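Engineer: What follows is a predicted protein model with its sequence.
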Amino acid sequence: MFVFTRPVFYIAGLMQLIVAALMMIPCMLELLTGGPDAGAFLDAALITCGMALLAIAANRGAALTLNIRQAFALVVYTWVLICFTCALPFLTSQINLSITDAVFEAVSGLTTTGGTVITGLNDQPGGILLWRSLTQWLGGIGIVGISIVLFPFMRIGGLQLFKTESSEKGSKIFAQAKTFSSSLITIYLAISLITAFAFHAAGMNWFDSINHMMSAVSTGGFSTKDSSLGYFADLGTGVFWAAILGMLLGALPFTWFMLLAVDWRRALRDEQVRNFLLVVGLACLLMFIWVAGSSLYTPWLGFSHTALNVISIMTTTGYASTDYSQWGSFAVMLFVLLYFIGGCTGSTTGSIKIFRWSIVFIALRQQLLRMMMPHRVSRLVYNGRPFNDDVREAVGNFIILFLLTWLACSLALSLTGLDLVTSLTGALSSISNVGPAFGNIIGPAGTFAPLNDIAKWILSLTMLLGRLEILGVILVCMPSFWRE
């Protein structure tokens, strides 16, 4: 067992060093602006660095060629470890959160969920606001995704490890893991820069632009203001459209951008991207027609509000420009349906994702045709390529497991004393990594702060399950996984 876990602990220690280095960014900001938390971030960085060096020293010399079981163990262990590590600044800073709240905020950030327990964001020091955004930007690409840059130099299958974050198999655009990882980082940096300049061009100062860029491209949703993007409404609708740009870029597959550079004609024919944009457009149109009938806004303002909030939920970001729970029952039901959809596989989004729904509808169509013509022979084809029953079975199993996890979390939350709406939508927003839910407590205008500690731990676990897509966590928890 010790031989099995040694490389896992060693590589996790290297990842902790990355987090320790990132903690120095808000530390420098606090030093430059005279903020109160420079020492707090320095303390957190030193603690993290010390833990990392101990893990590296204790496991130095371990064989660094991971098998598939060690890869899954590394992903799950690293995410849990880094969540607790990223909670340290919330404990040491003047915001002085409890352990429960600090872990919840860190998990919400790293899983790009976006639910928060912090109130009074408008008056918080810049360092703590920047750290919240950094956790989302880091979580968007994934601790493992960033760290595979190191793996080609350590003879570790970076591509194989990256895929363990998702239960689906991605397209291998480039043969070499080094090329893939560098392309991944380049794309993420490129869409981050584009989004930051878009926010600044819309009227935000550079600090708010950078923070919202990190939460938009990671489809996380943290804001520097209590009222989210609604605070910037006076700047005009340009801020909303800058956020929409960042969210859409983050919701598209990273491999699609790689394919776009190699063969743009093939990229434009990608079924997942086309289906995603089709569902987004249809949902925005339906919501706009509904909101336009209420005469709450001028046509352009109404379209901007509906597009922002629909795309925010669809991409599992969680921004809000207004309290959309007041738009009526149809709007609420449409938003709830969007919680189950998500963006594209291979993107920063959560939930079930468009790819799986595409497979479900293709399989359903084949089943209906067989009912009409029992002797008909047909193949299951997606994106011009046939797929077998194993793919259909895997997708079906995941959706069933997703729904069962949502219901189990809802039941557990109800046992803590929460009402039906809060329990159901709180669990759904967590497993989908969306953030805001519905109800008087955790709706678009509320926070998760009033919830009791047990409910917050349940939601933290659910957010992690959603981010790691459930199956990998269950696999690692099985006793047979640890037997030789």
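Structural biologist: Everything's here; your move.
Engineer: low pLDDT regions in the protein?
Structural biologist: In the predicted model, the chain carries pLDDT under 70 at residues 1-4, 62-64, 143-179, 484.
Engineer: And the residue nearest to the spatial centre of it, how far from Leu471?
Structural biologist: With distances taken as CA atoms, centre = their mean, Thr112 lies nearest the centre of the chain, 3.6 Å away. According to CB to CB, to the nearest Å, Thr112 stands 19 Å off from Leu471. Placement of C-beta: from N, CA and C, glycine included.
Engineer: Grab the nearest non-local neighbour of Ile110.
Structural biologist: Residue 110: Leu, not Ile. Gly139 (3.8 Å; CB to CB, 6 or more residues apart in numbering).
Engineer: rewinding a little: surely the residue nearest to the centre of the chain meets Gly220?
Structural biologist: Yes - Thr112 is in contact with Gly220 according to CB atoms under 8 Å; the separation is 3.8 Å.
Engineer: any common contacting residues for these two?
Structural biologist: 136, 139-140, 317, 348 (CB atoms under 8 Å, 6 or more residues apart in numbering).
Engineer: quick one, phi/psi of Gly343?
Structural biologist: Per-residue torsions, Gly343: phi -90, psi -140 (degrees, to the nearest 10).
Engineer: Show the contacting residues for it.
Structural biologist: By CB under 8 Å, 6+ apart, the neighbours of Gly343 are 219, 250-252, 276, 314-316, 349, 351, 353-354.
Engineer: ditto for Phe254
Structural biologist: For Phe254, the residues meeting the contact criterion (CB under 8 Å, 6+ apart) are 184, 187-188, 346-347.
Engineer: Can you tell me which of those is closest to Trp300?
Structural biologist: Nearest to Trp300, judged by CB to CB, of the contacts of Phe254 is Ser347 at 28.6 Å.
Engineer: Endpoint to endpoint, stretch 262-278 covers what distance?
Structural biologist: Terminal residues of stretch 262-278 are spaced 24 Å apart (CA to CA, to the nearest Å).
Engineer: residues in contact with that stretch?
Structural biologist: Residues from elsewhere that reach stretch 262-278, judged by CB under 8 Å, 6+ apart: 173, 251-253, 256, 259-260, 343-345, 354-355, 357-358, 382-384.
Engineer: With stretch 11-26 instead?
Structural biologist: 37, 41-42, 44-46, 48-49, 51-56, 59, 64, 66, 74, 77-78, 81-82, 85-86, 88-89, 126-128, 130-131, 134, 138, 143-144, 146-147, 150, 156.
Engineer: Narrow those residues to those that are buried.
Structural biologist: Among the contacts of stretch 11-26, those buried by neighbour count (16 or more other CB atoms under 10 Å) are 37, 41-42, 44-45, 48-49, 51-52, 55-56, 59, 64, 66, 74, 77-78, 81-82, 85-86, 88-89, 126-128, 130-131, 134, 138, 143-144, 146-147, 156.
Engineer: hmm, back to that, let's see which of the contacts of stretch 11-26 end up in strands.
Structural biologist: In strands, judged by DSSP state E, none of the contacts of stretch 11-26 are found.
Engineer: hmm, which two among the shared contacts of Thr112 and Gly220 are most spread apart?
Structural biologist: Maximum pairwise distance in the shared contacts of Thr112 and Gly220, criterion CB to CB, is 12.6 Å, between Gly139 and Thr317.
Engineer: Which residues are in contact with each of these two?
Structural biologist: Joint contacts of Gly139 and Thr317 (CB under 8 Å, 6+ apart) are 112, 220.
Engineer: Now do the buried residues in the longest helix anywhere in the chain.
Structural biologist: Using DSSP state H, we find that the single longest helix of the chain is helix 2-33. Neighbour counts over helix 2-33 (16+ other CB under 10 Å) mark 5-20, 22-23, 26-27, 29-31 as buried.
Engineer: Would you reformat the contacts of Gly343 as JSON lines and include secondary structure, neighbour count and distance to Leu428?
Structural biologist: Shown next, in JSON lines, are those (DSSP: H, G, I helix; E, B strand; the rest coil; neighbours: other CB atoms under 10 Å; distance: CB to CB, whole Å):
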{"residue": "Thr219", "secondary structure": "coil", "neighbour count": "35", "distance to Leu428": "16"}
{"residue": "Gly250", "secondary structure": "helix", "neighbour count": "29", "distance to Leu428": "21"}
{"residue": "Ala251", "secondary structure": "helix", "neighbour count": "26", "distance to Leu428": "18"}
{"residue": "Leu252", "secondary structure": "coil", "neighbour count": "25", "distance to Leu428": "24"}
{"residue": "Phe276", "secondary structure": "helix", "neighbour count": "28", "distance to Leu428": "20"}
{"residue": "Met314", "secondary structure": "helix", "neighbour count": "28", "distance to Leu428": "14"}
{"residue": "Thr315", "secondary structure": "coil", "neighbour count": "34", "distance to Leu428": "15"}
{"residue": "Thr316", "secondary structure": "coil", "neighbour count": "33", "distance to Leu428": "11"}
{"residue": "Thr349", "secondary structure": "coil", "neighbour count": "29", "distance to Leu428": "15"}
{"residue": "Ser351", "secondary structure": "coil", "neighbour count": "26", "distance to Leu428": "9"}
{"residue": "Lys353", "secondary structure": "coil", "neighbour count": "26", "distance to Leu428": "15"}
{"residue": "Ile354", "secondary structure": "helix", "neighbour count": "28", "distance to Leu428": "18"}
